[in-house]
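Asker: I'd like to go over a predicted model; first the sequence, then the structure.
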Amino acid sequence: QVQLVESGGGLVQAGESLRLSCKISGILNMFGLGAVGWYRQASGKQRELVANIGFKSVRSDDIITYDDSVKGRFTISRDNAKTAVFLQMNSLKPEDTGDYYCNIQYWNRPYWGQGTQVTVSS
């Protein structure tokens, strides 16, 4: 059973940093693991993609994309074993406030964590 568990959220002031972690378990065959990413959902708004690591092929580098609103401030990464995904968030702004969710594609099926809350005060 695939499970994603996020952690690292909290209440910070504008300009501060947070590091979110997503622990991935239940992956039986790494060949089936596709893109991994972080989404966020602000109150009353739709869930949106923040950052994503895409898989192109075994012979090419991963493809990393960011939403324009976080470019230069957020960095997505994962461990070599591909059992964890991280989101380093620097220079946080009040508009970064929301619930942050980890997402993976496994055998072309999406899996979500329960989310972790980030609140940035001005």
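Answerer: Ah, there it is.
Asker: Measure how buried residue 92 is and give me the count.
Answerer: By the criterion of other C-beta atoms under 10 Å, residue 92 has 22 neighbours. Quick note: C-beta positions are derived from backbone N, CA and C, even for glycine.
Asker: can you pull out the strands in this protein?
Answerer: 3-7, 10-13, 18-25, 33-41, 48-54, 63-66, 74-78, 84-89, 98-106, 109-112, 116-121 (DSSP state E).
Asker: Distance from the third one to the middle of the chain?
Answerer: The chain centre lies 8 Å from the centre of strand 18-25; the measure is C-alpha atoms, centre = their mean, to the nearest Å.
Asker: partners of that strand in the sheet?
Answerer: strand 3-7 (antiparallel), strand 84-89 (antiparallel) (DSSP bridges).
Asker: So which of those is nearest residue 110?
Answerer: The closest of the strands paired with strand 18-25 to residue 110 is strand 3-7. By C-beta to C-beta, the value is 10.5 Å.
Asker: Show the contacting residues for the most centrally placed residue in the chain.
Answerer: Nearest to the mean C-alpha position of the chain, counting by C-alpha atoms, centre = their mean, stands residue 38 at 2.3 Å. Each residue near residue 38 by C-beta atoms under 8 Å, 6 or more residues apart in numbering is listed here: 20, 22, 49-52, 76, 85, 87, 100-103.
Asker: again with residue 104
Answerer: Applying C-beta under 8 Å, 6+ apart to residue 104 gives the contacts 2, 4, 24, 33-37, 85, 110-111.
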